[in-house]
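Need a 3D model of the following:
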Amino acid sequence: MNRTIPLLLASLLALSGCHGTLTLIGYDDDDDSGDDDDITGDDDDTGDDDTVDDDDTGDDDTGDDDTGDDDDTVPAGTCAPDWDLDCGDNATDHYNNGGDGSTNSVTEYSCFDAVWDGPEYTYTYVAERSGPHTVSLLGFDGDLDLFVLTSPGGVCAGQNCSSFSGNPPGNGEELVFEAVAGESYYIVIDGFGGTVSDYDVRLECPGGDGDDDDSTSPTACGVNILVKPHQANDANLWTLGASGFSGPVAMDPPGGGTVWGAVAGDFNADGAMDFITERQDSTGLFAHLWAGNCQDDTFQTTNLTENGNGFTFGGLDDLHGSADLDGDGDIDVLGIEFNSGAGRVWLNSGSGTSWTAAPNAFDLGSWDPDDTDSAHFSVSMPPADLDGNSIPDLVECSNPFSSPTTCTLHTGAGDGTFVQGPQFTLDRVVNGVTVGDFNGDGAPDLVGGLDDDGDAGQVWIWLGNPLGPAALPFGPGVPLFDVNTPDSTGGSNDAPGYGWPFASDVDDDGDLDIVVAVMEPFNSTNHTLYLATNDGLGNFTVSTIGPTQATWGGGDVFMQSSVGVQVRP
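Prediction:
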């Protein structure tokens with residue numbers, strides 16, 4: 001949603017590092033500490049006609065007939081909802097708390113003892129799903145604060161405050177509140193100390209982005225995961241908890257052999273995350289589904305290659321990504337034949353146990369494991385839309401160890417196959433690439449970088465334009481984040497490295513985070529996994545997941561790493 005200032009400009013400002021680190025001050029009102037009778041919402045004490053005189057704070061100057069006239073729609077001491085937020089296209093708004101539709105009637109809230117004398121702007125949200133919802137407020141000057149109010153009787157009043165975020169000036173605001181499907185909530189941005197400012201507000205909802213296509217998807221259950229093959233007889237599994245990722249745990253598929261590939265996704269659409277491993281023994285390649293169990297977070301294995309389950313291999317096919325490639329609502333799997341770069345796709349019947357192999361889905365022109373002395377090459381994973389038609393695409397990139405990087409768009413046909421499309425040039429050394437809408441403006445973006453020279457950890461973003469037709473990325477991009485931390489001398493850690501990013505909503509909050517695998521040290525099979533957590537507006541906080549080993553690596557072999565990041569229907 002974009003009403004006064006183009007969101008693309010707001011996104012660029014957010015990505016330029018204008019905002020400080022978020023320090024959450026959240027408060028959930030309950031009977032012990034937020035009782036209306038005890039703090040600020042008692043009609044007899046703080047909200048009566050004596051302290052909120054209609055003639056003084058809600059007169060025609062701030063609440064006229066068009067937006068909030070006291071005589072018409074805004075009783076004393078109440079806010080007037082003016083716009084709807086939801087979890088889909090209208091999840092983000094850029095506005096001003098003193099703009100048309102604002103009021104200046106609520107000066108106190110039951111969840112914090114202070115006075116807000118600036119105008120407030122109010123949104124209505126009708127919960128589409130039950131569970132934790134995150135509201136973020138960024139891109140403002142002065143001291144704006146963020147509130148969520150319940151709506152007993154449909155009244156928008158400060159005495160019904162349930163959650164609050166009030167950081168010092170110069171810091172963004174963020175809060176998490178528990179919503180019940182079908183219930184209405186009011187999201188209020190209010191000015192402390194008379195603050196009036198433009199802002200960006202973002203609502204993130206559980207279990208996906210909330211688009212209509214997701215409304216019938218099962219509620220997320222079980223644990224959130226990522227999985228990585230590591231040149232051994234098992235795969236490394238990490239699970240996400242309250243304190244971050246834990247692991248890895250060795251997951252050894254039945255039958256022995258070496259695990260060369262692994263992908264993650266809710267393949268049986270039951271709400272629990274699953275993963276598929278590919279192992280090789282002396283008799284061939286075999287795929288196993290590890291189906292997650294919501295009740296106890298265990299996994300049940302099924303051999304997908306035997307018993308007519310259809311997950312067959314046509315060569316040295318390695319699993320690399322998962323997405324709904326044919327638009328039927330379930331998660332399919334994509335692979336690459338190691339020697340030739342031929343694309344492999346396995347289409348899911350919906351059960352996760354019955355598959356159809358499509359061995360000639362695409363062809364990678366730059367993929368050549370024997371030519372690692374003259375070019376770097378990579379493919380965007382997981383598959384995601386780049387040309388704006390909502391069908392997953394692939395981006396293949398290569399560079400001669402220097403800028404620029406030449407990329408080719410492989411356009412998804414909607415049936416599990418891809419058509420080689422146009423080329424475009426990025427003015428960076430892009431060794432790894434991934435695609436998605438990272439700033440929540442509805443336009444697909446491209447993320448890449450992770451050079452192996454003096455800036456090994458830098459990641460860049462090429463922003464899509466939400467106001468115009470889809471266009472291919474070009475130019476130098478915008479700095480996004482750096483996985484390298486400062487060294488002991490105060491400088492940045494610029495030792496050579498090499499890495500690959502993978503876009504995924506790791507924490508199920510409705511925005512795309514990025515998992516990064518970096519070859520550390522350079523020219524080795526040792527990898528370190530990092531998580532760049534998105535705040536919903538394209539600002540990322542980097543943390544370390546942990547060390548692992550590559551499926552490929554060592555010497556001059558820079559084959560793309562495989563990391564199974566979770567994908568939901």
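
Hmm, residue 357 is touching residue 315, no?
No. In this structure, residue 357 is not within contact of residue 315 by CB atoms under 8 Å, at 11.5 Å. Placement of C-beta: from N, CA and C, glycine included.

between these two, who's got more neighbours?
It is residue 357, of residue 357 and residue 315, that has more neighbours when counted by other CB atoms under 10 Å, with 18 against 14.

distance of that one from residue 348?
To residue 348, residue 357 is 11 Å away according to CB to CB, to the nearest Å.

Now do the same for the closest residue to residue 464 other than its chain neighbours: helix, strand or coil?
Using CB to CB, 6 or more residues apart in numbering and skipping residues adjacent in sequence, the residue nearest residue 464 is residue 443, 3.2 Å away. Classification of residue 443 using DSSP: H, G, I helix; E, B strand; the rest coil returns coil.

got a pLDDT number for residue 443?
What the model reports as pLDDT for residue 443 is 92.

Next: residue 35.
On the pLDDT scale, residue 35 is placed at 38.

Also residue 225?
pLDDT, residue 225: 94.

try the one 5 residues further on
Residue 230 is assigned a predicted lDDT (pLDDT) of 76.

if I pick it, what's in contact with it?
Taking CB atoms under 8 Å, 6 or more residues apart in numbering, we find residue 230 in contact with 236, 259, 527, 548, 549, 550, 551.

so how many other residues sit close to residue 340?
Using other CB under 10 Å, residue 340 has 14 neighbouring residues.

quick one, phi/psi of it?
phi -100, psi -20 (degrees, to the nearest 10).

if we can go back for a sec, just the buried ones from the contacts of residue 230?
Buried members of these, counted by 16 or more other CB atoms under 10 Å: 236, 259, 527, 548, 550, 551.

my read is the first one is in a strand, agree?
Yes. For residue 236, which was evaluated using three-state DSSP, the result is membership in a strand.

ok, now how distant is it from residue 318?
Noted for residue 236: a distance of 16 Å to residue 318, by CB to CB.

before we move on, back to that, can I get the contacts of residue 230 in CSV including pLDDT?
Putting the contacts of residue 230 into CSV (pLDDT from 0 to 100) gives the following:
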residue, pLDDT
236, 92
259, 91
527, 83
548, 84
549, 76
550, 72
551, 63
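
Identify the farthest-apart pair in the buried ones among the contacts of residue 230.
Across those, the longest distance by CB to CB is 14.8 Å; it joins 259 and 527.

give me every residue that touches the residue positioned nearest the centre of the chain.
Geometric centre of the chain, nearest residue: residue 512, 1.6 Å, by CA atoms, centre = their mean. By CB under 8 Å, 6+ apart, the residues touching residue 512 are 436, 437, 438, 503, 504, 505, 534.

just for the chain, where's the confidence low?
Within the chain, the segments meeting pLDDT under 70 span 1-76, 88-90, 207-220, 372-373, 452-456, 485-497, 551-558.

Give the buried residues for the host helix or strand of residue 358.
Per DSSP states H and E, residue 358 falls inside strand 355-363. Neighbour-count burial for strand 355-363 flags 355, 357, 358, 359, 361, 362 (criterion: 16+ other CB under 10 Å).
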